[in-house]
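K.L.:
Show me how the following folds:
(chains A, B, C and D)
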Amino acid sequence: MENLIALLIAAPLLGAAVLLVGGRRLDRVGHWVGTLLSATSFVFGLILFVDLLGKNAEHRTLIKHLFTWVPVAGFQADVTFRLDQLSMTFVLLITGVGSLIHLYSVGYMEHDERRRRFFGYLNLFLAAMLLLVLADNYLLLYVGWEGVGLASYLLIGFWQHKPSAATAAKKAFLVNRVGDMGLSIAIMLMFTTFGGFAFGPVLSHATEASEGKLTAIGLMLLLAACGKSAQVPLQSWLGDAMEGPTPVSALIHAATMVTAGVYLIVRSGAIFNAAPDAQLAVTVVGAVTLLFGAIVGCAKDDIKKALAGSTMSQIGYMVLAAGLGPIGYVFAIMHLVTHGFFKAGLFLGAGSVMHGMNDEVDMRKYGGLRTYMPVTFITFGLGYLAIIGFPGLSGFFSKDKIIEAAFAKGGTEGWILGGAALLGAAITAFYMTRVMLMTFFGEKRWQPDENGNEPHPHESPRVMTIPMIVLAVGSVFGGAFFSIGDRFLHWLEPVTGHSEGHSPVGAWTVTGATMVCLLIGVGIAWAQYGRKPVPAVAPRGSLLTRAARRDLLQDDFNHVVLVRGGEHLTRSLVYVDHTLVDGVVNGTAAGFGGLSGRLRRLQNGFARSYAVSMFGGAALLVAATLLMRAV
Amino acid sequence: MNPVNYLYLAALLFTIGATGVLIRRNAIVVFMCIELMLNACNLAFVTFSRMHGNLDGQIIAFFTMVVAAAEVVVGLAIIVSLFRTRHSASVDDASLMKL
Amino acid sequence: MSTTAVHSLWTTAADPISKIPAPKIEYGQLSPTLIVVGAALVGVLIEAFIPRKSRYYAQVFVSVVALCAAFAAVVALAADGYGTTKAHIAAMGAIAVDGPSLFLQGTILLAGLVGLFTFAERRLDPAAHGNRVDSFAAQAASVPGSDSEKAAVKAGFTTTEVFPLLLFAIAGMLVFPSANDLLTLFVALEVFSLPLYLMCALARRKRLMSQEAAVKYFLLGAFASAFTLFGIALLYGYAGSVSYARIAQVVDGTVTNVDPALANTMGNDALLLLGSALIVMGLLFKVGAVPFHMWTPDVYQGAPTPVTGFMAAATKVAAFGALLRLLYVVLPGMRWDWRPVMWAVAIITMLGGAIVAITQTDIKRLLAYSSIAHAGFILAGVIATSKDGVSSVLFYLAGYSFVTIGAFAVVTLVRDAGGEATHLSKWAGLGRRSPLVAAVFAVFLLAFAGIPLTSGFAGKFAVFKAAADGGAAPLVVVGVISSAIAAFFYIRVIVLMFFSEPRPEGPTVAVPSPLTMAAIAMGVAVTLVLGVAPQYFLNLASQAGVFVR
Amino acid sequence: MSFPLLTATAALPAVGAVATAAVPAARRTAAKWLALLVSLATLALAITVLVRFDPGGARYQLTESHAWIADFGVRYELGVDGIAVALIALTALLIPFIILAGWHDADPLETGSRRWRPTQGFFGLILAVEAMVVISFEATDVFLFYIFFEAMLIPMYFLIGGFGDRAHAQGEAAASTQRSYAAVKFLLYNLVGGLIMLAAVIGLYVVAGNFSLQEIVQARASGSLHMATSTERWLFLGFFFAFAVKAPLWPLHTWLPNAMQESTAPVAVLITAVVDKVGTFAMLRFCLQLFPEASKWATPAILVLSLISIVYGALLAVGQRDIKRLVAYASISHFGFIIMGIFAMTSQGQSGATLYMVNHGISTAALMLVAGFLISRRGSRLIADYGGVQKVAPVLAGTFLIGGLATLSLPGLAPFVSEFLVLVGTFSRYPVIGIIATFGIVLAALYTLVLYQRTMTGPVKPEVSAMPDLRARELVVVAPLIVLLIFLGVYPKPVTDIVNPAVKQTMSDVHKTDPKPSVEAAK
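P.N.:
Model (predicted):
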């Protein structure tokens, strides 16, 4: 059974290799090969899942040691996989949603001549992501970690002929690298602290290490998480990442990769539990990001960017929960899964809309599409209800739990965090309603573009709608399924551990408050975009709005400080290298040249002056000899 | 009379010769000055020979004369050929090669 | 020419004449020198009696035979153990037959032989009026460009006198390093100097420069030897003798039977110091050490290139030999006085030669300055004042002399309308035109630069090692630095030859006769052998490293 | 005695060099094939060495020892430890690719005289360099090592100065002047380094009396050979200076960009991937073993310098407009890592450094050779002259990207393992330095991706629109390297197994042990 774990990764890896090396001859079948292989690995996942369910909770951990990777003295890195409830959850999410999106892409990328390569990249991503969640030590996790980064780089920049896409891809990779730095430092710290970096030893002995070290490790892991999960301050890349094809945004930048940070924190729970300061930092980051993302989401007119902001904010919720410790881990993962469903669904819906609208992304040019593309409308609508936490849908359960837990942290912290979470809920309701209204309601606002061909909105082909439907189903019932009888809790508890939080305010109060926030948000949105028609060109808007449109000026900051500053630094260094470092050497050479030129003049061609020098030399010689005797 | 004085004389002559070499332009004169230096050496040899009461110095003086004569032969030959090509015996004119 | 003999003659003047002991001369052991001198005299007779047409061949034949024979004699003597066990002072104290002298004589003879080949080269210049011509004036006496010269050329005259002159010079050089009293030293000095003065004046092309070189060399040389002679006089005055052994004793204070006059002069260190300083100066002039070097570039440039090559190689060998013997045999007692001075000289010589060479534009001057720098390196070995020091210097000289002759021989090949094209700019792109010649020259340059696997490196290493052992580490550092500087201009030439585009009107490379080829081949062979497998020669040198006292 | 395998490994290319150079002018192709075959045969020998070498066995194996220059205390002593074996294998492996990649680089444009044979010279010189590099990896006699360490400059010098990129912006004349400038710079830098080392070598002889590495090390260990602290330090500095020039270490690095920029891509690879490795190798073998105390004394300074190299090199790489210069500065940054690993004095650091030498060789070869193919197509080294190549030559772009990813040490590719080992090794003893060095990985990503973006992506420039994709020969060069990169990234164990014992030895030579973790958990 363990060997299946390896196959789980091998299948998509094989796909990637075949598709990328295979060359043109595979162009016709490439996409099906890719879809098939990801489906295969999903099937493997299911088999393993069933197998785990067969065992009792304590023995639901499978370890598969493949080979020794880097053995140097005390430094022993193995290629070992660990399949437990946590990673199992992710495996199913990744392969499941992944397969659906493969299917969707078959239709979506139909007219792209490089479709084969697209599927190769998708498979590569699956393999890397699976490696990430199945690794049994941090170094191997690191491989998957950067692997998904690479895949995301390739996919964001898939349309490389667009400079914007290439730039976005580069940006994503670089920002992630900053995070990776954190991860590698964390691993080094683990090595010097525990003499190793495999989950087992490190996590089981976490408490023995000094709190200072643990805090350091925790903060470094948090940095890594920020990079991968687009949390403040490393969130800037996610918005630009929307340059990639929409299925990519759905799979990588909504459902799976961006949640890797949450996985990392939850996986390292033992460390964080022993380092409260680090935990606090995590919660703060989460809270800030969930507001940040929400606010950005409110201002964007680009449907994908709006969704990207929402993703950011939802992951903020998860990180917040993960920062709360045992009372939050389970809910973080649960929200992660449900979010995987509805956010993927929303993105696919957006993709379907764009598909029908000649890749138009500006919501102000949509409007009243519900009649043109009913299926998209319904699935998107269900996803919408789910994400704003409409009672009974999955978002309701998972988010509500997180808000409760936030209050349950207790003390002022609890109130602040909880308040932030509530506020976030309200804003979420607002911007999602906004998206909904601007896209599907009101009257049509689209005109023929400059070369006169007017978009003819139409429903997408079956191959695209089926995945949307499936995901919609998931986002409707997922939450309820998990929560009833605390199924998910019991499933995950053995790994993450769980402790009931006791919030100062009753559970129902929280729920009620959430509902109120929800209604307020929806109401405002309706007042703004439902009742009166939406202007086709964005109004100037308030200061905050304008700031939010520019991602709250975070990019501008980066540009001024990092990019410009960096350019100046490098330019001046180039100058230094040329004039100073090189100059010294050339200077010495030139110096000898000049000296030589001067000495040459002594050789003036007159025999008598030669004689003089000889005479002087003789005199010196004599003088020196006498002097030597004198002293 | 104290033979040391002859040494002083020899030194004096030698210095005069050397100075001549340094300041005179005419190759012949320069050459003569060198001869003067050689003869100063001879004087020194003879003097020392007298002081030490052995004859080596005097013998050497003869050798020196012979050598000097040989030098004259070679030297004059060279200088004359130079003179015939340049129509000048000035040492300073012979400064094609420099630096 | 034993003075002691004569002396004894006088002191025993009272006795009947019949008692005069005949001076005892070991002809066998002096045979190398005697053979060469004899051959030189034969050469003179040839000039007198053999018809002009066949003189050239006769002279070359005689010289070659003589040099080979002399070398054979040296080898025989060495094999007979005169270099080591039987080393002693011959010719009644005038000549030392020991390791260093035999080794150096061997080197000089071989260098002379190779040099002779370049002298005898007659294929480089286009034949004038159907007569093959070498690089020497048709008739030295005739004014350049005059009718008499034209006539001489037309008549196909050649200055075959250079061969006897060469032999005389070699003879002098053979004696120079093995001279064991100051008089012999002086006479030998003159014997090898005078012919060189003459030969410098004999260039066929560029007569003016040639004559100028001769004049400068002659006047300065004579000037220097005057100083030397005065030094000898003072030293004689100090020690009351010119025999090395005797002076050494006096200097050490280990002398027996001190008569009052000697006691008087012995007390006077000024004599000793002045005298030794002046003699050393004369020798430093010959090796071309700063500040007595200024004749070198001009003379090297003006003299006929074969002469330059021979001079650069053999003179250095002989002069350093003499210097070694003087410092190691006569003046070890006052080591603490001359060592610091020599330090200074070595340092300025190394640096001066290297630095000034950087900006040279004439290949012959360049090599001249490089030879100055090398003199500095060798001095570092001399200063070591150890057996290693001696052997390392011997080894260095052996390697260096052949590289030098080879290099100058290559210079003779690169010619244009005006004879040899010695200006560096004309060497541009030589590597493209005739890769082989350029490559060979590059090998020589690398040897000069002391790149490993060439004799230059082995020699430099030996010398520096000896110096460091002798506690002259700073000297080694300076040496290293100046080698770095020197490397710069050797490389410049290589760059010029290989990496720059050949000039359309650039010089052509003449195809030489087997003679020059042999000279060059010899140079390359020695360079590589001494570079890759120097052990045998190092043994030779270290066996020969002991002076007889 | 047994067959002198090591000598053969060095001698074969030497003989091949002479033979190749001797091929008549007209038979250019023959010379190429001859050179290729010789290099392959050498590879075979090197593999034999690899196989015959027993990691568990004696420190130096396949040893040979013959008298050579007794007067200098020099013996012809060869022997290989794990580190040497790895590097010999690397050298022998890369040369065939270099030759193949440079197949047309030395075809004569104009003919000087009929005797002018650039092609024969080019390939002959490459083989000569190989021979000298190999023997300096094998030498266990300091003097023997020094000789070839110096001598290898000459063929390199001719390779740099004599052969350059074909099309040049300012025309051939300007190109040749710049080339010879680069060549002279290369030679002078290294010669000065070498001469200073010569002084130290002589000093070593004065102190030790012979040059045998093993004897000296044993004598020092047993205390029979005492070295005054100051003496040891001076000698160490003398040696280290030469190696630091060759490596190259900041601030002695400026010759490398010029050399790599002006020489053809294969030669550039020869410089960074092969010749420079001798410098870092020598630090590991000679500096640490001969002068352990001085090494430890100098460690802080050297670590700082290497740190500067890492960051400085990376930053300058970002600022470059010339593809080859960019790669050169990237290499400077990587050499910083190698040296840092060596002087971190931990097993991870030194094993990592050795592994790094191998990986860097392969990855630079991959990147630089592809870059060379690119440049040969467009005839320009300026990044700004490219754009959108990915569209017209996807395979070329793909391989270029993989080379780049290797340079930024992406996990899964070989360089990651070594770089991480170096970082961990440094971190475990000098945390601050380790952390700062980690910034290097971000900068590496920056310059690599910027290079890729500017050249390969974006709209297709008209000049590159007709650019052909990789040809068969070029693919044969690149593909194996990439496969190797991936393999060693996934399974570096074969190399580490060979290297570790040697590193263990070196660690004991310098009397250092790895720092212990604060919590003994993993055990």
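K.L.:
Not counting sequence-adjacent ones, nearest residue to residue A:238?
P.N.:
residue A:230 (3.8 Å; Cβ to Cβ, 6 or more residues apart in numbering or on different chains). Just so you know, the C-beta spots here come from the backbone N, C-alpha and C atoms, and that holds for glycine as well.
K.L.:
mind listing what the nearest residue to residue C:87 once chain neighbours are set aside touches?
P.N.:
Distances taken as Cβ to Cβ, 6+ apart place residue C:98 nearest to residue C:87, at 3.6 Å, with adjacent residues excluded. Contacts for residue C:98 were tallied using Cβ atoms under 8 Å, 6 or more residues apart in numbering or on different chains; they are C:82, C:83, C:87, C:88, C:178, C:546, C:547, C:548.
K.L.:
In PyMOL, select just the buried ones from the residues you listed.
P.N.:
Those of these that count as buried under 16 or more other Cβ atoms under 10 Å in any protein chain shown are selected in PyMOL with:
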select buried, chain C and resi 82+83+87+178+546+547+548
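K.L.:
could the contacts of residue C:98 go into JSON lines alongside pLDDT and secondary structure?
P.N.:
What follows is the contacts of residue C:98, written out as JSON lines (pLDDT from 0 to 100; DSSP: H, G, I helix; E, B strand; the rest coil):
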{"residue": "C:82", "pLDDT": "87", "secondary structure": "coil"}
{"residue": "C:83", "pLDDT": "84", "secondary structure": "coil"}
{"residue": "C:87", "pLDDT": "86", "secondary structure": "coil"}
{"residue": "C:88", "pLDDT": "87", "secondary structure": "strand"}
{"residue": "C:178", "pLDDT": "93", "secondary structure": "helix"}
{"residue": "C:546", "pLDDT": "88", "secondary structure": "coil"}
{"residue": "C:547", "pLDDT": "88", "secondary structure": "coil"}
{"residue": "C:548", "pLDDT": "86", "secondary structure": "coil"}
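K.L.:
Show me where chain B dips below the pLDDT cut-off.
P.N.:
Within chain B, the ranges that satisfy pLDDT under 70 run B:1.
K.L.:
Helices along that one, start to end?
P.N.:
B:4-23, B:27-52, B:56-86 (DSSP state H).
K.L.:
Of the ones you listed, which is nearest residue A:161?
P.N.:
Closest to residue A:161 of those, according to Cβ to Cβ: helix B:56-86, at 81.3 Å.
K.L.:
picking that back up, for chain B, see how far away the residue nearest to residue C:87 is.
P.N.:
Applying Cβ to the nearest Cβ, to the nearest Å, the value for residue C:98 to chain B is 23 Å.
K.L.:
all strands of the chain, in order?
P.N.:
With no chain named, the answer covers chain A. A:62-72, A:75-83 (DSSP state E).
K.L.:
that's the other chain; I wanted chain D
P.N.:
Taking DSSP E as the test, the strands found in chain D are D:61-69, D:74-80.
K.L.:
Ok, chain C next?
P.N.:
C:88-90, C:95-97, C:414-416, C:419-420, C:508-509.
K.L.:
deepest of these, which one?
P.N.:
Ranked by mean neighbour count under mean count of other Cβ atoms under 10 Å in any protein chain shown, the strands of chain C are led by strand C:95-97, which reaches a mean of 25.
K.L.:
Spell out which parts of the stretch 201-350 of chain C neighbour chain B.
P.N.:
Taking Cβ under 8 Å from any Cβ of the partner chain as the test, the list of the stretch 201-350 of chain C residues beside chain B reads C:201, C:207-209, C:211-216, C:218-219, C:222-223, C:226-227, C:229-230, C:232-234, C:236-237, C:240-242, C:259, C:261-262, C:264-265, C:297-298, C:301-302.
K.L.:
Any of these buried? List them.
P.N.:
Buried, going by 16+ other Cβ under 10 Å: C:201, C:207-209, C:211-216, C:218-219, C:222-223, C:226-227, C:229-230, C:232-234, C:236-237, C:240-242, C:261-262, C:265, C:297-298, C:301-302, out of these.
K.L.:
With adjacent residues omitted, what lies nearest to the closest residue to chain A within chain B?
P.N.:
Using Cβ to the nearest Cβ, residue B:98 is the residue of chain B that sits closest to chain A, at 2.9 Å. Leaving aside its sequence neighbours, residue B:98 sits nearest to residue A:605 (Cβ to Cβ, 6+ apart; 2.9 Å).
K.L.:
And residue D:107, by the same measure?
P.N.:
That would be residue D:119: by Cβ to Cβ, 6+ apart, it lies 6.1 Å from residue D:107.
K.L.:
Residue A:335 now?
P.N.:
Nearest non-adjacent residue to residue A:335 (Cβ to Cβ, 6+ apart): residue A:398, at 3.8 Å.
K.L.:
sorry, back to before: next, the residue nearest to residue B:98: phi, psi?
P.N.:
Reported as degrees, to the nearest 10, the phi and psi values for residue A:605 are phi 90, psi -10.
K.L.:
Determine which stretch of the helices of chain B is the most buried.
P.N.:
Mean neighbours per residue, mean count of other Cβ under 10 Å, is largest over the helices of chain B for helix B:27-52, with a mean of 22.
K.L.:
That one vs helix B:4-23, what angle?
P.N.:
Going by axes from the mean of the first three to the mean of the last three Cα atoms, to 10 degrees, helix B:27-52 is angled at 160 degrees with respect to helix B:4-23.
K.L.:
residue in the stretch 251-400 of chain C nearest to chain B?
P.N.:
Closest point on the stretch 251-400 of chain C to chain B, by Cβ to the nearest Cβ, is residue C:298, at 4.4 Å.
K.L.:
Could you list the contact residues of the stretch 1-150 of chain A toward chain D?
P.N.:
By the rule Cβ under 8 Å from any Cβ, the part of the stretch 1-150 of chain A lying against chain D is A:20, A:67-76, A:139, A:142-143, A:145-147, A:150.
K.L.:
What residue in chain B comes nearest to chain D?
P.N.:
Residue of chain B nearest chain D, by Cβ to the nearest Cβ: residue B:99 (23.5 Å).
K.L.:
any idea how far that residue lies from residue C:356?
P.N.:
Look at residue B:99 and residue C:356: by Cβ to Cβ, to the nearest Å, they are 9 Å apart.
K.L.:
Between those two, tell me which one has more neighbours.
P.N.:
residue C:356 (28 against 17; other Cβ atoms under 10 Å in any protein chain shown).
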